[in-house]
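Asks: sequence plus the predicted model coming up.
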Amino acid sequence: MPMRNVPCELISPANWRGPEIGAGTDWQYRLSPLEIQEVEQALRYFSARRIDLLDAVQADFPLPTLGPKLRTLLDELERGYGLLLIRGLPLSDKNAEQGRLIAWGIGMYLGVALPQNDNADIIVDVRDQGYDSAVTLRGNSSKDPIRFHVDPCDVVGLLCRRDAREGGLSLVTSSLTIHNEIARRRPDLLRVLYQPFPFIKLAKSEPIPFYMSPIFGFREGYFTSQFYAKRIYAAADLPGAPRLSAAQHEAIELVEEIAADPALSLQMRLEPGDLQLLSNHVIYHSRTGFADHEDTDHKRHLYRLWFATYNSRPLPQAFDDAYNGSTEPGTLRGGYLGWKFPEKVGPYQQRLSHTLGLTA
């Protein structure tokens, strides 16, 4: 983006401060008894069908009342704060497989799920498996704290089945608010953040193991951001990748400093039955480290889904590689480049894209 076209302060409902919206509940939606009963009935029906998740359609998890409401909530997510917490899903008495079915069933009404790892898993268990996040560059299989970042999709969903004994708090902050703070404090670094940075690709066996993307972008009145400091620093050490300038280092540090400011971020403890939905275009998220329960079934356990959504925003062309080759709104985009799809993933994505109104 040419220097003269870099926006200054942006006005949007997504320009919020944590303590201010934390004092209210308009970013939360609690299921009614009727909606909870509907989920329970849908789970029983889905379980009895005994079909592969990738073969399922919305009719296999019927939500005649809650389904249309979820679409409305998804629209509010895109137009509003970029943050939504759906509360009251019946998870506390469910085993791991039942929880997975609920996560998948609800997810079919929100968006098309995307592969998240080398195995092309499209629903991932977030729990401590003893991995070192400094090695994997990902924290979902560890109990380590996770720095502020975005995931490579339009919307990320986290459904909580079990919370930790201590810690594991979710932290979210508005990347649009960070943008505006930098516009006020350091407009020189704002210009830097609209220029490309290297990001390491987490997929294996990539001929070019990094891609280039700005951290901030703006198109047709829509803001977006792509950020994960660990992946930028890791990419900058790769052969062929551009070295980071002093200004780029300073800009990354300023983004992280502002993101972690308690005057801006919102902290929450996800409880069993909570579904957190975040727009990666306007929200950075992180997590505190945690101590777990001894009993295996009570250990912290969430289900994560990455969604391409029908109502997604247009992105600048410079974000093409970050979103798997598509920057147009309402398209099937996201996930990591280079990961192999199992045979059923393509047909599933095509089928659900048609149902939800995405361009596949």
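Replies: That came in fine, so what should we check first?
Asks: please count neighbours and contacts with C-alpha atoms only from this point.
Replies: OK.
Asks: centroid-nearest residue for this protein?
Replies: For the chain, the residue nearest the mean C-alpha position is V156 (2.7 Å; Cα atoms, centre = their mean).
Asks: below-threshold pLDDT in the stretch 201-350 of the chain: ranges please.
Replies: 204-205, 337-341 (pLDDT under 70).
Asks: now do the strands in it.
Replies: Assigned by DSSP state E, counting those that start in this stretch, the stretch 201-350 of the chain shows strands spanning 210-214, 216-219, 222-225, 266-268, 275-279, 283-287, 290-291, 301-308.
Asks: quick revisit: so for whichever strand or helix holds the residue nearest to the centre of the chain, mean pLDDT?
Replies: According to DSSP states H and E, V156 maps onto strand 155-162. Strand 155-162 shows a mean pLDDT of 97.
Asks: mind listing the strands it pairs with, and their directions?
Replies: strand 275-279 (antiparallel), strand 301-308 (antiparallel) (DSSP bridges).
Asks: give me the angle between that strand and strand 283-287.
Replies: Here strand 155-162 points in a direction 30 degrees away from that of strand 283-287 (axes from the mean of the first three to the mean of the last three Cα atoms, to 10 degrees).
Asks: what does the following helix or strand past strand 155-162 rub up against?
Replies: Sequence order places strand 166-167 as the next helix or strand after strand 155-162, per DSSP H and E. Residues from elsewhere that reach strand 166-167 (Cα atoms under 8 Å, 6 or more residues apart in numbering): T288, G289, F290, A291, D292.
Asks: nearest spatial neighbour of the second one, chain-adjacent residues omitted?
Replies: I take that to be G289. Closest residue to G289 apart from its sequence neighbours, by Cα to Cα, 6 or more residues apart in numbering: P145 at 4.0 Å.
Asks: quick check: the one you found vs E256, distance?
Replies: P145 is 14 Å from E256, where distance means Cα to Cα, to the nearest Å.
Asks: swap in L305?
Replies: For L305, the distance to E256 equals 25 Å [Cα to Cα].
Asks: swap in W27?
Replies: In terms of Cα to Cα, W27 sits 24 Å off from E256.
Asks: likewise for V39?
Replies: Distance from V39 to E256, by Cα to Cα: 39 Å.
Asks: next one: I11
Replies: Computed with Cα to Cα, the distance linking I11 and E256 is 22 Å.
Asks: higher neighbour count, these two?
Replies: Neighbour count, other Cα atoms under 10 Å: between I11 and E256, E256 has more, with 18 against 10.
Asks: quick check: that one touching T173?
Replies: No - judged on Cα atoms under 8 Å, E256 makes no contact with T173 at a distance of 10.6 Å.
Asks: quick check: buried residues in stretch 353-360?
Replies: With burial defined by 16 or more other Cα atoms under 10 Å, the residues of stretch 353-360 counted as buried are S353, T355, L356, L358.
Asks: contacts for it, please.
Replies: Y109, G111, V112, T309, Y310, G330, T331, L332, Q349, Q350.
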